[in-house]
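Participant: the following block contains a protein sequence and its predicted model.
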Amino acid sequence: MQEGAVLEMRGIDKRFPGVYALQHVDFTLRAGEIHALMGENGAGKSTLIKVLTGVYQKDASEIFMQGTQKPLVIKSPQDAQKAGISTVYQEITLCPNLTVAENMYIGRTAGALTKWKQMNKDAQTLLTSLGIPAQATQQLASCSIAVQQMVAIARAVDMDCKVLILDEPTSSLDEQEVAKLFKLMLDLKARGVGIIFVTHFLDQVYEVCDRITVLRDGQLVGEYIIEDLPRVKLVSKMMGKELGELSDIEAKGEAVHVDTKSMPVIEVNQLESAAGIKPFDFTIRKGEVNGFTGLLGSGRSECVRAIYGADHVTGGKVKINGKEVKIKSPLDAMKHGISYLAEDRKQDGIVGDLSVRENIILALQVLMGFFKPIPRAKAEAFAKEYIKLLGIRTASADTPIKSLSGGNQQKAILARWLLANPIYLILDEPTRGIDVGTKMEIQKLVLKLASEGKSVTFISSETDKMLRTCSRLVVMRDRRVVGELSGDDLTQDKIMMTIAGGEKK
């Protein structure tokens, strides 16, 4: 093992049917360091963590821990825990109905013979030594999410962990809670614990981490000392595009003329949500295609979910055609002429057991009310029209939508929202997981809708698609709006520099 290393993973391979999730990935963690594991969606971060913790069995590789001569055999999370590897996940896995002390020692006590007084005393001593603001005897449910995270970490520390994995621990925390968690992380670092920090928040990485390992498409891009990897370079390595490398970006589609002096169709002022979105302003005019861009987890989807009422809004105002409106639910948004094609078509889009026809008319039926069913003949006519318009490949309108390919399911959901005749259409990752031909068709359709006067917000992790389609981009980082680009600034380089915080080196 390398000098000072507490963990070495060598040549990690993991395959799933039809997918090579990890390809010969190396990862080294040193004692007393905080090491960020970075990468976009599908990069392989979660798979690597699950291999290390025994959730997945590796296909090939070796894993060594400090003090071991032979490779570890990790076949379960229990094996990982015995080896000194502990994980604290984004979703708290403790028992809220038990006390803090009970959660810290659950599974390690003698049941009815447990010495409760001693257990509470030991728990309180550990909590105090780690600076965790909780009492051993209080119910866990009475603690904030941040303190619950810390209790989970305290449990891991008390089990003598050498490697602590923190998987998106700050995603539900406010700034003060994040500061408390970072203080605890730095304390553990000083004690020699190696910490793997999985996060999408760039600012947090540069605040507490010593090294960064970047994965992309299941492969190792590289390991870097934090000082040697400015944010803009980190962003480019995660996205797989170097600054100035734009030869693969096709020319933008012909832009639709937008009257920039006209009244906005949608105007948002200081809108914020319970999903952690900081107050932001946003406008879109008739016939405009704009978009939200940023790395995964930056808050781009949460912004449009706030506008649509899918997430609880905690502040701010929304105006439609100059008039303030209250949007507290998706139904409110639909009634005001807003349609939203969600990012996850399986969970938030299709109703798998219903037919293509029934899926297409669903939004219109909701608007009309279920006590006023759309006549069968009219429903058939709607389905036939949009199947033809969007080129949906299906044996018939009666085919269950779950039988269609991903691209055709996406077209059917798009048909659903077009049939509702919105004034404002939000498309969140409409081209994800579909073939190149269908992607081009959807991009052309977006521009066609704009030319017909529809206002469209387009979100995609493929920034080249957005550059070809949008006339203006709102740039997100760490759930804040950090810039807005248009005209000559609408380039890949400028997007990456804005995400990174303006760094040019």
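Facilitator: Alright, I've got the coordinates.
Participant: how far does the strand or helix carrying residue 187 sit from its chain's centre?
Facilitator: Per DSSP states H and E, residue 187 falls inside helix 175-190. In terms of C-alpha atoms, centre = their mean, to the nearest Å, the centre of helix 175-190 is set 23 Å apart from its chain centre.
Participant: contacting residues for the residue lying closest to residue 320 once chain neighbours are set aside?
Facilitator: Excluding the flanking residues, the one nearest residue 320 by C-beta to C-beta, 6 or more residues apart in numbering is residue 336, at 5.5 Å. Every residue, glycine included, has its C-beta placed from N, CA and C. Residues near residue 336 by C-beta atoms under 8 Å, 6 or more residues apart in numbering: 320, 325, 327.
Participant: may I see the buried residues of the helix holding residue 187?
Facilitator: 177, 178, 180, 181, 182, 184, 185, 188, 189 (16 or more other C-beta atoms under 10 Å).
Participant: the helix or strand containing residue 166 pairs with which strands?
Facilitator: Using DSSP H and E, residue 166 sits in strand 163-167. Paired neighbours of strand 163-167 in the sheet (DSSP bridges): strand 85-88 (parallel), strand 194-198 (parallel).
Participant: excluding chain neighbours, what is closest to residue 98?
Facilitator: Of all residues not flanking residue 98 in the chain, residue 140 sits nearest, at 6.0 Å (C-beta to C-beta, 6+ apart).
Participant: for residue 358, which of the strands paired with strand 163-167 is the nearest?
Facilitator: Among these, the nearest to residue 358 by C-beta to C-beta is strand 194-198 (40.1 Å).
Participant: mind listing the helices in the stretch 351-500 of the chain by residue range?
Facilitator: 356-360, 362-368, 376-390, 406-419, 436-451, 463-469, 492-500 (DSSP state H, counting those that start in this stretch).
Participant: mind checking these for the one nearest to residue 19?
Facilitator: helix 406-419 (14.8 Å).
Participant: for that closest one, packing partners?
Facilitator: strand 338-341, helix 345-348, helix 356-360, helix 362-368, helix 376-390, strand 424-428, helix 436-451 (3 or more C-beta pairs under 8 Å, 6 or more residues apart in numbering; DSSP states H and E).
Participant: tell me how far the first one lies from the chain's centre.
Facilitator: Put simply, strand 338-341 sits 20 Å off its chain's centre (C-alpha atoms, centre = their mean).
Participant: picking that back up, which one of the helices of the stretch 351-500 of the chain is the most hemmed in?
Facilitator: Mean neighbour count (mean count of other C-beta atoms under 10 Å) peaks for helix 356-360 among the helices of the stretch 351-500 of the chain, with a mean of 25.
Participant: residue 235 against residue 499, yeah?
Facilitator: Yes - under the criterion of C-beta atoms under 8 Å, residue 235 makes contact with residue 499 at 5.1 Å.
Participant: for the two, list the residues in contact with both.
Facilitator: Common neighbours of residue 235 and residue 499 (criterion: C-beta under 8 Å, 6+ apart): 202, 295.
Participant: before we move on, the earlier item: ranking by neighbours, what's the top pick from the contacts of residue 336?
Facilitator: Greatest neighbour count in these, by other C-beta atoms under 10 Å, goes to residue 327: 21 neighbours.
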